Every structure is written in structure tokens, then in C-alpha cells.
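Novice: Okay, sequence plus prediction incoming.
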Amino acid sequence: MSDDEPEEALPSAETPAAPEEPPEGTPERPPAEAPAPPPPAPEPAFEPRHPKALTLDLIVGGIVAAIFASALGLALLVVTLVLGFDSWVTGVVWAAAAAVMMLVSFFCFVYPRKRHRRYRYRAGSAGLEIHSGVWWRRRIHVPRSRLQHTDVAQGPLERQLGLASLVVYTAGTHDASVRLSGLSLEAVLEVRELLTGHAEDGADGV
Amino acid sequence: MASESAFERQHPLAWIFDAWSTVRAAVIPAVAFLVFSQGFALGWLAALLVLPAVAVGVAKHLALGYSLRDGEIVVRDGILNRKERRIRFSRIQNLEEVQGLLHRLVGAVAIKLETAGGSTPEAVLHLSPVAAARLRDAILGASDEDAGERERRAAEPALLEVPTADLVRLGLIKNRGFLVVAAVVGALSQLDVAGDAWWKRAEHWVPGLLERGVEGFEVSWAAILLASVGVLAGAYLLLSALSISFAIVRFFGFTLRREEDDLRARFGLLTRVQKAIPRRRVQRLIVEESLLHRLLGRISIRLDTAGGVGGSLAGASSLGDIQDAEESGRQWLAPVTVRQRLRELVAVALPRLSLEPLERSSELTPDASSGEAREGWRPIASAATKRLFNKSVLALLIVAYGLSWLTLWALLLPLLTPLLWWLCRNYVRHRRYWLTRDALWFRAGWLGRKLTVIPFEKIQSVTFRASPFDRRYRMASVAVDTARSGGFYAASIPYLDAEEARRVVERLALEAGRRDFVWS
């Protein structure tokens, strides 16, 4: 999975301990400068979401688009029946509906792809780090020592596709809960174990 | 040190407080009802409002009992749902004593007990001073301190004593007069029963006054101007007077003492409050120095603590409490004091913290590309000026356009553009941050300054954010989250150079991760 945006590539933060370590997965990352004390263990590499997560997003997008389409279709039907094709209002409504549908399609089908490509996470002894966002980019760092507790959650669609989300809770206010979604169930359990250091057999009510 | 003891009741008149809080909400409409319904409504008022409140208050009072046992206090209460709560003395973080006006009339003290969990006090008891002292001794006695040591500490001079003159200054600075006016207007508007009468009288009154005053005088521009200035000045004086009284009533005799690991603040004129400020639960420290502060040579220091009384309206027993609840866990370390005391007070509130930023407060360390090697105040990105300027010019143009519908003079507003540039430049120049070895220091503001200090161990998570506009300028913002920051990020540093922001975020995450966060 590589970032192919021509604008500034956001290099994922390289591990300060091993500047020689070849970047995995995102080849355009430049090595960062090494600040003072190097942490003992090498940082894990960044992971992308599971490919099926995109499927999930597209399914959800499809549902939303379908809802919009039917609502707009109904509105169009009503307007056309009432006003007929000679009124200019009908034309305006059709044009507006078309514009809305284009926007909706973009956000339901195109945007999820971009978002899926950009999404990265990293979990290790340093905690959880999530890179997300297409236009409004966001990277959140939650140190391991700040984890209060964790949830493994699966919505119905996620369950069908074998995906799950990890929600970690901190004592903060604005980011009291941080959600890592779009991973396979195994990956989520693995991440949880990495973060909390507890072995999970995956059978705890998930 | 008590053994099994029978359950005691609170102060015999404790039911008054419960009844009063029920009645209080309905006082103003009730009074209006009373005044304008010619007296016989008194009976109705008593029957519908006061008597039930008193009855419930008495019932609750009879149902509540507390007992001091070995190392814990047991409180039983509830009329229909009985509840027994046990609080171990060692778990009590905060013991607050409040004496409102009503308390003083009746000769009681409200004691609020707080533990680490939850935002409301675990127990609120209205006791006589003797019983309160006994409770306090029992609880504090559990911390292995003997009477001699306590006496010695009580004899020590206080860390801070705020003179009333400073409270006058605080009143001028904060100008809470508006609050009181708003309250009065609100109260007046609730007099709906007689509403029209009041306004009609006012309507006849004021023009009448004006007419009589102006009669016989030449109405000239100068006179009108003078009159308006006079009215404005009068209004300002009135508001200031109100604000000053507010400040004095709230903070009279503010005394800060150190008590073991905590700080204790005592203040209040009508409502006396004694608050404990647990130092280990300080999440953030904020020093305010607005323009008015600076003109009068003062500063205000407040703390954000995790938990602690003041987080909920449920425990409110005074106007000050309501304000505290709104401010959500904020405690005043020093509502107003001189700037010279800043260092000492910060050292007391956040011991073991490196205070270098206070010593080198005006130096700016140039942006060193060698990473964190050079310690010092770092500026935000210089391109921020341009961005801010663009934004403000846009805002100015929108405002000018909007106002131009009212008056064509508004079209002159865009002439203020050079002034805007100057303001933006200064705003950006005075923003700076410093990551010391144990805390994040952030300073903002030019005419009015605000300093925020967040110890690394209180940081819960760190976020790097870049909007599309940020990315265009290669900038980003860094946000830090702590416990109890009132719904927003505890600190947000915008307009940083993107690379620098990345480094800052990594360092903050690393430093926070290294230190354990202890809730209490």
C-alpha cells in the first residue's frame, strides 16, 4: 500500500533507535534525524487496515447512497408529478438532486477509498499511534501507560466480514476513547495484547 | 479513633438546607406571586411550596444518620431507598467546609467529603461546629499526624493572603458586574405576573425625566454627547461597583496554606469556604494576565484538578459553588496577586517541576534544526502571521459588508488593515512554547497573556492535526489531552511548523509514556 498523492508525502515517523532500518510498507519515508536517548527496542512498523475494511466502508456507503437516492427519487417524483416538466422549478429541483447525488456518491464511494489508503496504525511498547484523515489529517498518540481499559467491538457487518474495532480508553476528556477500526479480529486481539500485555483467547464475549 | 458508635443525626436544623434548596429555585416567582396577589395568597404559597419542602427536608433529616467507626465513616440515608455508604478515612481526598449565610445564622457547617472517584462529594453533612471538628479530627487523625505538629503548622505564616485592596482590583479586572445585572434583569423578567406594570412605569419615568431635565436647556450636540458619556461612565461605575462587591463577597480573606501534601484555601465573606487543593491531582496550571491585570500589576493563577469538589451543581451551596461547577474542577490558587509571587506559587503548586521558563521569560530560542538540543522558548511558524492576517482581513471585509447595510461608514473599516497586520504580527510573535524536562509550557497573547503549564505525567494523549490550510503552509497543530479539561484539549498549539510539530508530538508521547499517571 503506497501513498501516491503528489503533494507532500507525510513520512511516517521513523524509529529513532534504528535509523538504518529499511522502511517497510511505505517506501517513500525518509529516515528521520536521531534525537538524544534511543529507546531500547525497535519500533514496530506501520500497519494499514485490512483490505476487507474497504469493502465494509463501501457497503455502508452504498446503503447511505441508496437512502439518499430513494429520498431524492421520491422528492423528484412528487415535484414532477405536481409541477410537470414545463415549470422551471422542476428543472431546478432535478439539477439540485443531481448535484446532491454527485456529492453523495463521492463521499460514499470515492472518499472511503482515499481514507482507507491513508489510514495507518502502530501498536507497541510505546503505545498506540493512529494516522487518519484525508484532508483533515490527524495523528493520535496514546502512550501504553495511559490505557485505562480496552473494548473489542464488532458491529453486524464487521462480524460478517471477520473484522473488529478496538476502542482504548484513557483518563482524558476530549480523547477519552480512541477507536481503531478496520482490522481483522485476529489483528485486533493481537494489538490489544501488545498494548495491555495480556493474552486473549478471543472468547471473552466478542 | 472511635469504636462502634450509634448513628448520630446532623445538626438539628439541618433540614433547613434541604428545604431551602428546594424553595430557592421558586423564590422569585413566589415572591412575585405573593406581592401582586394581595396577601391572601400567602396561604397558598405556604401550602404549595414551603410546607412540602419543609416536610421533605425534615423527613430526609430524620432518615440520615452517620457514624464514626474505626477508620471509616458510615452514612445511612434515604427515605424510600435506604442506602448505607462506608467511606474509609484513608480514601478521603478532600474535605471541604462551607458556611453559607444560612449556615451561619443557624450555627452549622456543611462538610463535603470527596474521594478519588466521581465528581460529586460522596457525603455532604450539615453539622454543628463541634461535631464538624470531631469529624475533621477523626479523618485527619487517620493520617498519622499528632496535634503538636498540626499546631505548629497552623502557626506558620500562610503562603498567600490576599488583601481586600487586591480584591477591589480583581473586581475591576473581571468586571463581573454584568453577571449581577443579568441576574437582576432575569429576576425582573420573571415577574411576569406584574411584568407589564414595571415596564410601563419605566417607560413613563425615563422620558419624563429626560423631558424635565432638558426643558429649559438648549439641546446641543455637546450636551447630548456629554450626557451620553456621563451615562456610560455612570453605568461603568455601577457595574464596577457591583463587580467589586462580588469579588469581595466571594474571595474575602483568601488565605492559602500548605497542609501536608495539599494546599488549603480559605475564603469568603458571606459564605465561608475551606477548600483542599490536592497537589498530586493538579492537571494543569494557568496564569492569567489580561490587559487590565497588567495595568494594575496583578496576575491570577488557577489550577485544573482531577475530581475534587466543584465539579457538579449538585453539591452547590452558594453562588460561588455554582461558578465553580461551571468552571468545572477549577480551583483558584491565587485569584489575584502580584506578579512577583508567581514563581513561588507555581513552585508550591507543582513541586519538583523545573521552573526555567519563568526565569527566561522573554528570551526566544531561534528554531534550531538540531532537534531538541537547545532548550528555550520556541516560537510558532512565522508564516502564521500571513495566515492569520488573511483570515482576519476576510472577516473584516465580511463585517464591513454586513454593517454597510446599516451605515455607509462601515465601508471605512477596511482601512484598518495595516492595524490588523500589526495585531497579527504581535499575536504570532508572542506565542511560544517550551518543552522542559518535565512539563509543557505554553504562552499566548500580546496585550493579555496566558501561561499554561501541563506536567508530562498528566498528559493522556497527544494529537497532531493538520487541516488542508495547514498543509498548504507546511504547518500543523499539536493538541494535548488531560483529565478534566472541560471538554476541550488542555492545550492546543496551532501554527507550528509541520516538522517541528511532529517532533513535539513524538517527544510529548514519549515523555508521557515514560511516566505513570496516578489518579490520586
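Specialist: Perfect, thanks for sending it. Every value quoted in this text rests on a predicted model; they were computed, and no experiment measured them.

Novice: just checking, next helix/strand downstream of the helix or strand bottoming out on mean pLDDT in chain B?
Specialist: Sorting the helices and strands of chain B by mean pLDDT, DSSP states H and E puts helix B:319-327 at the bottom, at a mean of 48. Next helix or strand after helix B:319-327 toward the C-terminus (DSSP states H and E): strand B:330-338.

Novice: elements contacting the helix or strand that that following strand is followed by?
Specialist: Following strand B:330-338 in sequence order, the next helix or strand is helix B:342-349 (DSSP H and E). Where contact means 3 or more Cβ pairs under 8 Å, 6 or more residues apart in numbering or on different chains; DSSP states H and E, helix B:342-349 is packed against strand B:282-289, strand B:298-305, strand B:330-338, helix B:356-359. The way it works is simple: take the backbone N, C-alpha and C, and place the C-beta from them, glycine included.

Novice: got the buried residues for the first one?
Specialist: This points to strand B:282-289. B:282-289 (16 or more other Cβ atoms under 10 Å in any protein chain shown).

Novice: One more: the third one?
Specialist: Within strand B:330-338, the residues that qualify as buried are B:330-337, counting by 16+ other Cβ under 10 Å.

Novice: for these, which one is nearest residue A:77?
Specialist: Checking the buried residues of strand B:330-338 against residue A:77 with Cβ to Cβ, the nearest one is residue B:330 at 56.6 Å.

Novice: ranges for the helices of chain A?
Specialist: Here chain A has its helices, by DSSP state H, at A:51-83, A:88-105, A:111-118, A:156-161, A:185-196.

Novice: Now render these as JSON lines, adding distance to chain B.
Specialist: What follows is the helices of chain A, written out as JSON lines (distance: least, Cβ to the nearest Cβ, whole Å):
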{"stretch": "helix A:51-83", "distance to chain B": "21"}
{"stretch": "helix A:88-105", "distance to chain B": "17"}
{"stretch": "helix A:111-118", "distance to chain B": "12"}
{"stretch": "helix A:156-161", "distance to chain B": "24"}
{"stretch": "helix A:185-196", "distance to chain B": "12"}
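
Novice: Turn the ones you listed into JSON lines, columns for mean neighbour count.
Specialist: JSON lines is the format used below for those (neighbours: other Cβ atoms under 10 Å in any protein chain shown):
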{"stretch": "helix A:51-83", "mean neighbour count": "14"}
{"stretch": "helix A:88-105", "mean neighbour count": "13"}
{"stretch": "helix A:111-118", "mean neighbour count": "17"}
{"stretch": "helix A:156-161", "mean neighbour count": "14"}
{"stretch": "helix A:185-196", "mean neighbour count": "18"}
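
Novice: what sits against residue B:173?
Specialist: B:290, B:292-293, B:296, B:298, B:300, B:336 (Cβ atoms under 8 Å, 6 or more residues apart in numbering or on different chains).

Novice: what about it, distance to chain A?
Specialist: Look at residue B:173 and chain A: by Cβ to the nearest Cβ, to the nearest Å, they are 28 Å apart.

Novice: Repeat that for residue B:507.
Specialist: 8 Å.

Novice: what do you get for residue B:288?
Specialist: Residue B:288 is 21 Å from chain A, by Cβ to the nearest Cβ.

Novice: Touching, that residue and residue B:302? I think so.
Specialist: Yes - the pair residue B:288 / residue B:302 is scored as a contact, 7.4 Å apart, by Cβ atoms under 8 Å.

Novice: quick one on the thing from earlier: what subset of the contacts of residue B:173 is buried?
Specialist: Judged by 16+ other Cβ under 10 Å, buried ones among the contacts of residue B:173: B:290, B:292-293, B:296, B:298, B:300, B:336.

Novice: Tell me the one among those nearest to chain A.
Specialist: residue B:300 (22.6 Å; Cβ to the nearest Cβ).

Novice: and the closest one, what does it touch?
Specialist: Contacts of residue B:300 (Cβ under 8 Å, 6+ apart): B:170, B:173, B:287-289, B:293, B:332, B:334-337.

Novice: right, and residue B:459 touches residue B:482 too?
Specialist: Yes - at 6.2 Å, residue B:459 counts as touching residue B:482 under the criterion of Cβ under 8 Å.

Novice: And these two? Which one has more around it.
Specialist: Neighbour tally, residue B:459 and residue B:482, criterion other Cβ atoms under 10 Å in any protein chain shown: the higher count belongs to residue B:459, 30 against 25.

Novice: Roughly how far does the more buried one sit from chain A?
Specialist: For residue B:459 relative to chain A (Cβ to the nearest Cβ), the value is 8 Å.

Novice: Farthest from the middle of chain A: give me that residue.
Specialist: residue A:86 (46.2 Å; Cα atoms, centre = their mean).

Novice: pretty sure residue B:111 is in a helix, no?
Specialist: No - remark: residue B:111 does not belong to a helix; assigned using DSSP: H, G, I helix; E, B strand; the rest coil, it is strand.

Novice: What separation do you get for the residue sitting nearest the centre point of chain A and residue A:172?
Specialist: Nearest residue to the geometric centre of chain A (Cα atoms, centre = their mean): residue A:119, 5.2 Å. Note on residue A:119: its distance to residue A:172, by Cβ to Cβ, to the nearest Å, is 22 Å.

Novice: secondary structure element for residue B:496?
Specialist: With DSSP H and E as criterion, residue B:496 is part of strand B:491-497.

Novice: How about residue B:44?
Specialist: Applying DSSP H and E, one finds residue B:44 within helix B:41-45.

Novice: ok so, going back, what is the nearest of the buried residues of strand B:330-338 to residue B:252?
Specialist: residue B:335 (10.7 Å).

Novice: tell me the pLDDT at that closest one?
Specialist: Looking at residue B:335, its pLDDT reads 92.

Novice: Let me see the contact set for it.
Specialist: Per Cβ under 8 Å, 6+ apart, neighbours of residue B:335: B:162, B:167, B:170, B:247, B:251, B:254, B:267, B:300, B:302.

Novice: again, only this time at 7 Å
Specialist: B:162, B:170, B:251, B:254, B:300 (Cβ atoms under 7 Å, 6 or more residues apart in numbering or on different chains).

Novice: In space, what's closest to it - neighbours in sequence excluded?
Specialist: residue B:251 (5.0 Å; Cβ to Cβ, 6 or more residues apart in numbering or on different chains).

Novice: how about the contacts of residue B:173 in a markdown table, adding distance to residue B:470?
Specialist: A markdown table is the format used below for the contacts of residue B:173 (distance: Cβ to Cβ, whole Å):
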| residue | distance to residue B:470 |
| --- | --- |
| B:290 | 29 |
| B:292 | 33 |
| B:293 | 32 |
| B:296 | 38 |
| B:298 | 36 |
| B:300 | 32 |
| B:336 | 38 |
